[in-house]
Structure formats: C-alpha cells, structure tokens
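Undergrad: Here is a sequence together with a model predicted from it:
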Amino acid sequence: MLPSLFSSVLELITKTSTELPPDVRAAMRTAMAAEPVGTRSAQALTIIAENIDLAATGEGAICQDTGMPTFEVKTPVGANHIWMRQQIREAVAEATRRGVLRPNSVDSITGQNSGDNLGPGTPIIHFEQWEREAIEIKLLLKGGGCENMNAQYSLPMELPNLGRADRTLEGVRKCILHAVWQAQGKGCSPGAVGVCVGGDRTSGYLHAKEQLFRTIDDLNPDPRLAELEAAIMGTVNRLGVGTMGFGGEVSLIGCKVGAFNRLPASFFVSVAYDCWAYRRLGVVLDAHSGDIARWLYRDPVNPIVPMLDQAGFARTGVEVALTTPLDEATVRSLKVGDVVLISGPMFTGRDAVHAHLAKHDAPVDLRGAALYHCGPVVQKDGDGWRITAAGPTTSIREEPYQADVLRRYGVRAVIGKGGMGAKTLEALGETGAVYLNAVGGAAQFYARAIEAVDGVSLLEFGTPEAMWHLRVKDFPAIVTMDAHGNSLHKDVETASGEVLAVLR
Ligand code: SF4
C-alpha cells in the first residue's frame, strides 16, 4: 500500500518550498535583464535573486510565508483517497515540524494557530481519477500577500481609469490590467496571474488558481485565449509598477487564462495573483510503491543554474547606516528613495500584535524602535530560538492601527512591504517616523541579517504572530514613505493609473 507515499510527498513539499521552478527562474532572469542597473527595481531584483540562490543551496524556505498548501492529485481508478489524504496531511505536519513550512493554519473563530498546518480546510487537497497506472501530485504554495490581491469582477462594470468592461474578451482584458494595477507591490511584484473567464464565483476562483499550474512559457490551446494572454503580456509592463511597486519595467511575468461556461445572468472574471515566489512543483509516483518516478516542472538531473553570476546586494556607498533605537532628528533627515542599513534591536509585529497594541500596553519599550511587519519561520534551538526565514509581510493590513501605534508608543521606523495609506503617512509626519520597504519574499536574505533572537513576547499568538526581539546587522530597506508627506507608493499608483487610462 504505497509505502513511500509519505516520504515522496515530504520531498515534494521540501523542494516546492525551497526551489523555484526553472520557468519562473527564467522569467525572473528576463526581468533582471530588463531593469536598468542602479534603479530601485534592479536593486530589489538582486536581493530576490540572491534569496532564490540561498534558499536552493540551503534548503530553506524561499519565503517565510509558505502559503496555503494546495495539492492536485490524480490517481488510478480504485485508489484509496481516504488513506492517501491522511498520508499527505501527515507529510504536511512533518514538513512544518522541520521548518520547511511555517505554521499557517489559524482557527478563524478563536485566532489560535494549530501549529502543524492542519485544520478544517487546510491543507487543500483535490482528488481526481484518471485512466492511468500512475499517481500525479502537483503542489502550489501561494502566500497570503498575493492571495489578498486576488480579484473577481462581475461584468459589465465600470473600472477606474479603464472605463466600461463589457462581457467580451476586451472587457476581460481590462479586468486583468486592473487586477495587476491594484496589486502594486502588495503582492510582491513582479507576479503572475491565473485567470478564469466565466464559471460561478466558486468555480471561477478555483479554475483561475488551476491556471497557475501551467508553465509560464506554455501556449494556450485555445487561440482566442492565447491571443488574449499575448495581448496582456505585450502591454502590461508599460504600467511601470515594477518590482515591489518601486516603479520599473516589469510588473508581470506571466498571464494564463482559462474559460468555464457560465449562467446567462453571470459573467465573472476571476484573477488569482501569484507573487514572484511562484512555488509550484509536481511528482509522478509509482502506483504500487509511491516512489517518485519523475518530477514535474523541474529536471533534477541538471544542476540548478544560480540566478546570480556575481556578488549579490552590493553597497554603493550612499546607503545610510542607522542604529536603533532611532532619534527624531535622524529619522526626519531621511527622504523617499534613501537606502538604509539598520543595525541594532528590532521587534516584529504583525496583525495580532497590532490589534493587541491598540488595546493593551506594549510588552517592551518601543520608543525609537524599528517595528518589522514580519511573521518569521522559527525553530527551537536548545533554550533559544533560531529564525530560518524572515521577509516582510504586507503592511496595508495594519493601516487601521499603525497611526495610533506610532503616536502612542514612539516607534520611529515601520518596516514592511507594499506601503501604507494616508492615515499612516500623516502620523509619520506628525511623530517623526518613516516607513521602510524591505524586499517581499526575501526570507533567506533577511534571515541572514539577524544576528540573534534576544527574546519573544506574546508567543500565545503563535510563532508567526508573536513579537520577536531581534538583533540585526546591516538590514537593508528603502525609505518609501518619509516624515515629510512623501510616498513612493502613492506616486507609483497614480502614475501607473494614468498609464491604465492610455491602455483602455
Ligand atoms: S513573496 Fe510576498 S506575496 Fe509571496 S508569499 Fe512571500 S510575502 Fe507573500
């Protein structure tokens, strides 16, 4: 009874979390070649490339958000799906114990993290039968930042900057452009989109996500959809969103479109946005032993070609060295576009911490502090802790709290990705603080900037949501919102919105 199924699935999860598929690597290499040297996007892509290489060589998670594991399984007729589901779930729990997956399954009523990625609805496992004597398992790890950027449109409708989107492929084209524009850097661009035209609200999203199992370079068998995909890829990069929304030449690396029949009254366009950390692999298993007979999307015989053929993130000499805790005069001297290297204590805090700080006292003195929107992957290391992946999470979720936190606790630097809104921008100016954008998904890169874990507060929220007391050295980030009312995010969103109007 498939004695190797557990170990094969564990191997699949490990490789998917740590190794980007060759087609995604190739697309990211093309993106790197397109960005002029010295630009913010080029710098961010260098960090991303270094991170991809570090993850593959060290078998660490490419991004600390290992996402919602989604398995698509095809089995011969008669396979025992109940037993197979159990084996897959046990492999997920083991991968979580080993730190390959971050504990990501949270009880929606109590907020309790199950700690092992198991719970109602998680992981997602879809079974299908086929008339072959083999088992195929494909896995997609899609994080929360990009999942939150998914969009569903009900046509006909009016779209900002694009006008009316009709129930035509031209209307669909407008929806896709709008989805990429609204994601900006929040979904860790440059991303890829899977799209479903039609279906109902549920099947539309499902089929859109299924499109992400296609390789970036495949050709749509439907010539009408192939033409649409080509039209999108031919124009979308004029938007200028760029890497992490910093502005630049490449906003999207792939567009895959499928179509389902619909009800006469409905016309949904569902868009599943995936980030640059587009983690998708698969295996074909022997139907008797469960051994891996063949990999999908990767060729294990050929060694991985590193993304970088030179040193990674290099200092140019104009970076601003900051030591925490920060004083007001230093912070007010910073302006949008400055690259900073932070050293000293840093505290993590994301959704649960911000909700807590709104109602309770802070567990540590946050005056002058750098507060990092990050949910790291953490492993117990003797009496202490070791952080194995630590990139930024999407900051806009903290917008309802951030201004109050800045005013109440005296935080001087908020670090995250994707930028924040008007309330936070106003509070930055009022209190003398900055927003620093780290490169989303660069979890291995930033983990190496952490010298020590000095402690932890609020661990009852689970490891991703706790407040970790870090000591960092030369942690790089870009000032994207300063204390003088400037926001790079607002500027790029406005400029790219004007381009949308041209592309309508
Ligand atoms: S790269 Fe960004 S969007 Fe993707 S999983 Fe990581 S943090 Fe989330």
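TA: On my side now, so go ahead.
Undergrad: In this structure, which residue sits closest to the ligand?
TA: When scored by CB to the nearest ligand atom, the chain has residue 143 as its residue closest to the ligand, at 2.2 Å. Where C-beta positions appear, they are placed from N, C-alpha and C, glycine not excepted.
Undergrad: isn't that residue right next to residue 278, touching?
TA: No: Residue 143 lies out of contact with residue 278 (CB atoms under 8 Å); the separation is 10.2 Å.
Undergrad: Please list the residues of this protein that sit near the ligand.
TA: 63, 65, 67, 143-146, 187-188, 275, 277, 391, 393, 440-441 (CB under 6 Å from any ligand atom).
Undergrad: what about the protein, any weak spots by pLDDT?
TA: 310-312 (pLDDT under 70).
Undergrad: and the biggest strand by length in it, which residues are buried?
TA: Under DSSP state E, the strand in the chain containing the largest number of residues is strand 467-481. Buried positions in strand 467-481, judged by neighbour count with 16 or more other CB atoms under 10 Å: 467-470, 472, 474-481.
Undergrad: After that strand, which helix or strand is next?
TA: helix 488-503 (DSSP states H and E).
Undergrad: So which elements touch that following helix?
TA: Packing contacts for helix 488-503, counted by 3 or more CB pairs under 8 Å, 6 or more residues apart in numbering; DSSP states H and E, involve helix 169-183, strand 467-481.
Undergrad: buried ones in that helix?
TA: Buried, per 16+ other CB under 10 Å, within helix 488-503: 488-490, 492-493, 496-497, 499-500.
Undergrad: Report the angle between it and strand 467-481.
TA: 50 degrees (axes from the mean of the first three to the mean of the last three CA atoms, to 10 degrees).
Undergrad: Of the residues of the chain next to the ligand, which belong to helices?
TA: 144-146 (DSSP state H).
Undergrad: Is residue 341 located within a strand, as I assumed?
TA: Yes: under DSSP: H, G, I helix; E, B strand; the rest coil, residue 341 sits within a strand.
Undergrad: Who does it form a beta bridge with?
TA: residue 321, residue 476 (DSSP bridges).
Undergrad: which residues sit in contact with residue 241?
TA: Residues in contact with residue 241 (CB atoms under 8 Å, 6 or more residues apart in numbering) are 180-181, 183-185, 189-190, 247-248, 251, 492, 496.
Undergrad: what are the ranges of the helices in the chain?
TA: According to DSSP H, the helices that the chain contains are 5-18, 22-34, 40-58, 81-97, 144-147, 169-183, 201-211, 223-235, 328-332, 351-357, 399-409, 422-431, 443-447, 488-503.
Undergrad: that older thread, to residue 104, which of the helices and strands packed on helix 488-503 lies closest?
TA: strand 467-481 (16.8 Å; CB to CB).
Undergrad: Centre of the chain to the closest one, how far?
TA: 18 Å (CA atoms, centre = their mean, to the nearest Å).
Undergrad: Repeat that for stretch 447-466.
TA: 20 Å.
Undergrad: Ok, stretch 134-154 next?
TA: Computed by CA atoms, centre = their mean, the chain-centroid distance of stretch 134-154 equals 11 Å.
Undergrad: Could you give the separation between the terminal residues of it?
TA: This stretch, stretch 134-154, spans 40 Å end to end (CA to CA, to the nearest Å).
Undergrad: what's the answer for stretch 302-319, then?
TA: 39 Å.
Undergrad: quick one: contacts of it?
TA: 19, 25, 28-29, 32, 38, 43, 46-47, 49-50, 52-53, 56, 339-341, 445, 476.
Undergrad: cutoff 10 Å now
TA: For stretch 302-319, the external contacting residues (CB atoms under 10 Å, 6 or more residues apart in numbering) are 19-20, 22, 25-26, 28-29, 32, 38, 43-54, 56-57, 298, 321, 338-341, 439, 442, 445, 474, 476, 478.
Undergrad: Over to stretch 109-122?
TA: By CB under 10 Å, 6+ apart, the list of residues contacting stretch 109-122 from outside reads 13, 66, 68-70, 89-90, 92-97, 101-108, 123, 351-352, 355, 460-466.
Undergrad: Save the ones in helices among the residues of the chain next to the ligand as TSV, and put in distance to residue 74 and neighbour count too.
TA: Shown next, in TSV, are these (distance: CB to CB, whole Å; neighbours: other CB atoms under 10 Å):
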residue	distance to residue 74	neighbour count
144	27	18
145	30	30
146	26	29
